[in-house]
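>>> Using only what follows, build the 3D model:
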Amino acid sequence: MANHNVMINTERPLVIYEKMSFEFAHLNFTCPQLEASDTTLETNGRRGTALLHFKVNAGNDTVGSGYKKLVISGMREYDHDAIQQFTENYLARMATYKSCETGLID
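Okay, here's the model as predicted:
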């Protein structure tokens, strides 16, 4: 987003998952892992569309690919400090969630 000088509204983010698509060469694999392969962002004023492309790997083989399409509304001019604080808050909430999930905290 910084490359486009835009960011989500950190006070009231509105990011809508629109769709996801997968394509597999075969389904004979175990322990798949996702790997980001490309990201695009199209902006139109305060709205945008993001495509997050990924590969599906199993071991050393790529067994599939896909993308996730997100619609973003209420975008603002990029503010490094604001997005950094938003990211830190998100990561802290994620760490709390994961520790609750594993039973490490009450």
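
>>> pLDDT weak spots in the chain?
The chain contains residues with pLDDT under 70 at 101-106.

>>> And the strands in this protein?
6-7, 14-24, 33-44, 47-58, 61-73, 76-77 (DSSP state E).

>>> Just list whatever residues bridge to the most centrally placed residue in the chain.
Nearest to the mean C-alpha position of the chain, counting by C-alpha atoms, centre = their mean, stands Leu52 at 6.9 Å. Taking DSSP bridges as the rule, Leu52 bridges to Thr39, Lys68.

>>> And for the one 4 residues further on?
Applying DSSP bridges to Val56 yields these beta-bridge partners: Leu34, Gly64.

>>> Next: Arg76.
Met7.

>>> related to what we said a few turns ago, measure the residue nearest to the centre of the chain to Gly59 for me?
Distance of Leu52 to Gly59, given as C-beta to C-beta, to the nearest Å: 23 Å. All C-beta spots, glycine's among them, are computed from the backbone N, C-alpha and C.

>>> The closest residue to Lys69 other than its chain neighbours and Leu91: what is the separation?
Using C-beta to C-beta, 6 or more residues apart in numbering and skipping residues adjacent in sequence, the residue nearest Lys69 is Glu18, 4.5 Å away. Distance of Glu18 to Leu91, computed by C-beta to C-beta: 25 Å.
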